[in-house]
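Visitor: Attaching a predicted model along with its sequence, questions to come.
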Amino acid sequence: MDKIEIKGYKSFKELKLDLLPINILIGANGSGKSNFLSFFEFLNRLYEQKLTEYVALNGGMDKYFFQGSKTTDAIEATICFKNNSYSFELKEGDNRFVFSKEKLGYHSSYSDIASFGNEACIKSYSGLSRGGYIQKYLSEIKKYHFHDTGKSSPFTKESHIVNDAYYLYEKGENLAAFLYAVRENSPITYKRIVRVVQSIAPYFSDFYFNVSAADTVRLQWTDKFSSTVYGPTDLSDGTVRFIALTTLFLQPVPPKVIIIDEPELGLHPLAIQKLAGLIKSVASRGTQVIIATQSADLITNFNAEDVITVNQTEGASVMKRHSSEELNAWLNDYTLGDLWKQNILKGAKINSQTC
């Protein structure tokens, strides 16, 4: 994405933001970082024609309008990428959104495909040669959630080595099958994933794949000191997340856009440094990365231009990408403790549960 414009969505009254290969959001709790990331989940459900269900299961329409539907009567957005664009306008209908506008753009020409229905038309649209490119691009904008690492987390589930091996799911529930496919089809990439995991967990030997008669597999692993086979619950939360993140960023064919909220959770400072390297690596391969963080350790690994500050002004979220001079001056005005106390970088302290 080269540029995004959002009006009337959650805490965003009006936003125009240029996007770079790496985009790191920092700001106080409640400033709007998560709302910005949630827009891409909203966009994904919109593209998949599952918006009505998604909105109903997440609190209803009113919470999606800026300051509610009594203040805002429409949600508008435009996403621009490589001379192409996709835009829509949603208005409140009878207990569900109505698409009052939906357009595809190429350079300065536009095609209106709105049907005034309750779901987007873009996924099933076949009227333009550029439509297929826009469809593929939108389908590859993925927001990932690797926070749940408990005993019944997605990482403990069985996954099918064929049906669940095409791409890594947003919550990591097919991590085992996906890693199995990487080992079988891209052994060099697989070995690199193992080496990166070993760099922050020296005891780790390899993943263990015990394929069942039903062609399913669970996430298992072995250490360097015994023949015991372990599961994900035998790893720290941070290590499980790091395995998922490493697989996500090093996979042979990553998606066009990767979006994650606070990927540093539970990671030791060394693992955070490795994470920064993984983000830079996937960005160099053409994947755009958008993350929100509260980690000063993570931010220090990037250029000032990669960082976007998020603040609230009169109840509306405001996002700004600073120049090197602006951001360095901002950080030099305060110690990290001062920034934390003022809720600008609250949460930058490393979580007590580390790799």
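Guide: Arrived safely, thanks for sending. Numbers count the residues shown, from 1 in each chain.

Visitor: Look up how far Asp112 lies from the residue nearest to Phe65 when sequence neighbours are not counted.
Guide: In space, Phe65 comes closest to Thr72 once its chain neighbours are excluded; the distance is 4.2 Å by Cβ to Cβ, 6 or more residues apart in numbering. Every residue, glycine included, has its C-beta placed from N, CA and C. From Thr72 across to Asp112, the span is 22 Å (Cβ to Cβ, to the nearest Å).

Visitor: Ser281 now?
Guide: 40 Å.

Visitor: Could you check which of the two is surrounded by more residues?
Guide: Using other Cβ atoms under 10 Å, the more surrounded residue of Ser281 and Asp112 is Ser281, with 15 against 9.

Visitor: how about the strand or helix carrying that one as CSV, C-alpha atoms only?
Guide: In this assignment (DSSP states H and E), Ser281 forms part of helix 269-284. Provided in CSV are the C-alpha atoms of helix 269-284 (Å, rounded to 0.1, in the frame of the first residue of the first chain):
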residue,chain,number,x,y,z
PRO,A,269,15.6,-8.3,24.5
LEU,A,270,17.8,-10.6,22.3
ALA,A,271,14.6,-12.1,20.8
ILE,A,272,13.3,-8.6,20.2
GLN,A,273,16.5,-7.7,18.3
LYS,A,274,16.1,-10.9,16.2
LEU,A,275,12.5,-10.0,15.6
ALA,A,276,13.6,-6.6,14.2
GLY,A,277,15.9,-8.4,11.8
LEU,A,278,13.1,-10.7,10.6
ILE,A,279,10.9,-7.7,10.0
LYS,A,280,13.6,-6.0,7.9
SER,A,281,14.2,-9.2,6.0
VAL,A,282,10.6,-9.8,4.9
ALA,A,283,10.3,-6.1,4.0
SER,A,284,13.4,-6.4,1.8
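
Visitor: Could you point out the helix or strand that follows that helix?
Guide: strand 288-292.

Visitor: same question for that following strand, mean pLDDT?
Guide: Averaged across strand 288-292, pLDDT comes to 97.

Visitor: Same check on stretch 233-244?
Guide: The model assigns stretch 233-244 a mean pLDDT of 96.

Visitor: Disregarding flanking residues, what is the spatial nearest neighbour of Leu37?
Guide: In space, Leu37 is closest to Asp261, 5.2 Å off (Cβ to Cβ, 6+ apart).

Visitor: Hmm, Val162 is touching Asp215, no?
Guide: Yes. Using Cβ atoms under 8 Å, Val162 is in contact with Asp215, at 6.2 Å.

Visitor: I'd like to know how many residues surround the closest residue to Asn23 other than its chain neighbours.
Guide: Using Cβ to Cβ, 6+ apart and skipping residues adjacent in sequence, the residue nearest Asn23 is Ile290, 4.6 Å away. Neighbour count for Ile290, taken as other Cβ under 10 Å: 23.

Visitor: Which residues are in contact with Ile290?
Guide: Leu19, Asn23, Leu25, Leu37, Phe40, Val257, Ile258, Ile259, Ile260 (Cβ atoms under 8 Å, 6 or more residues apart in numbering).

Visitor: Kindly report the same for Ile141.
Guide: Met1, Phe40, Leu43, Asn44, Pro255, Lys256, Val257, Ile259.

Visitor: Looking at these, which are in helices?
Guide: Taking DSSP state H, the ones among the contacts of Ile141 that sit in helices are Phe40, Leu43, Asn44.

Visitor: any idea how far the second one lies from Asp261?
Guide: For Leu43, the distance to Asp261 under the criterion Cβ to Cβ works out to 15 Å.

Visitor: Can you give me the pLDDT of Ala114?
Guide: pLDDT for Ala114: 86.

Visitor: What is the neighbour count of it?
Guide: When neighbours are counted by other Cβ under 10 Å, Ala114 comes out with 15.
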